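S.K.: model this:
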Amino acid sequence: MKRTQTPWPSGIKKTRPRACVLGVLENASAPLSASQIVSQIEKSGDAIWLSTVYRILDLFVKQGIVVRLAVMNSDMAVYELNRFEHKHYAVCMGCRKIVPMDNCPLEAFVPQLDESGFHVLGHHLEIYGYCRDCEPK
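M.R.: Numbers count the residues shown, from 1 in each chain. Alright, predicted model coming up:
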């Protein structure tokens, strides 16, 4: 497994499985499911249990190292390294491929909530459709 480029988070014991998970997430171009993380680790020649990956991901989410995203209101979650960037993704309804968006469609949107005293801190946007390979003909 490749070494991680991110400095090791303080307060978390460095173990080989944790380093492997962090390494996979560092090199991922899109969020990954726990089973995809296991597959990436196994491709590199290491072995890891799916339950171990879930425990590591839970720890990393609690520590703010990783962001957990629910995809299409399902029980399946995907994870990505927290790079402290504002991001949105489009999700293919056929193959569940996740495509990063280059812009935020809500960037210029200002909700009319002044009278309610509500202060907006952020938003979550889900875009669904079909990728090139799954587009119904």
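S.K.: can you show me the strands along this structure?
M.R.: If you assign secondary structure with DSSP state E, the strands in the chain sit at 66-70, 77-81, 89-92, 98-100, 126-129.
S.K.: low-confidence stretches in the protein?
M.R.: 1-6, 72-74, 137 (pLDDT under 70).
S.K.: same thing but at 90, please
M.R.: Applying pLDDT under 90 to the chain flags residues 1-11, 29-30, 67, 69-78, 82-129, 131, 135-137.
S.K.: residue at max distance from the center of it?
M.R.: Going by Cα atoms, centre = their mean, the residue of the chain most distant from its centre is E115, 35.1 Å out.
S.K.: against Q63, how distant is V24?
M.R.: Distance of V24 to Q63, given as Cβ to Cβ, to the nearest Å: 17 Å. C-beta: built from backbone N, CA, C; applies to glycine.
S.K.: could you check which of these two is surrounded by more residues?
M.R.: Between V24 and Q63, counted using other Cβ atoms under 10 Å, the more crowded position is V24 (25 against 13).
S.K.: surely the more buried one meets V38?
M.R.: No: using Cβ atoms under 8 Å, V24 makes no contact with V38, being 9.1 Å away.
S.K.: burial measure for F84, as a count.
M.R.: Residues within reach of F84, counting by other Cβ under 10 Å, total 7.
S.K.: phi and psi next, for it.
M.R.: The phi/psi pair for F84 (degrees, to the nearest 10) reads phi 50, psi 40.
S.K.: contacts only, for it.
M.R.: Residues near F84 by Cβ atoms under 8 Å, 6 or more residues apart in numbering: none.
S.K.: quick one, helices of this protein?
M.R.: 16-27, 34-43, 50-62 (DSSP state H).
S.K.: how distant is the first one from the center of its chain?
M.R.: This means helix 16-27. A distance of 13 Å separates the centroid of the chain from that of helix 16-27, by Cα atoms, centre = their mean, to the nearest Å.
S.K.: what angle do it and helix 50-62 make?
M.R.: On the basis of axes from the mean of the first three to the mean of the last three Cα atoms, to 10 degrees, helix 16-27 is oriented at 60 degrees to helix 50-62.
S.K.: and what of the shortest one?
M.R.: Orientation note: helix 34-43 sits at an angle of 110 degrees relative to helix 50-62 (the same axes, to 10 degrees).
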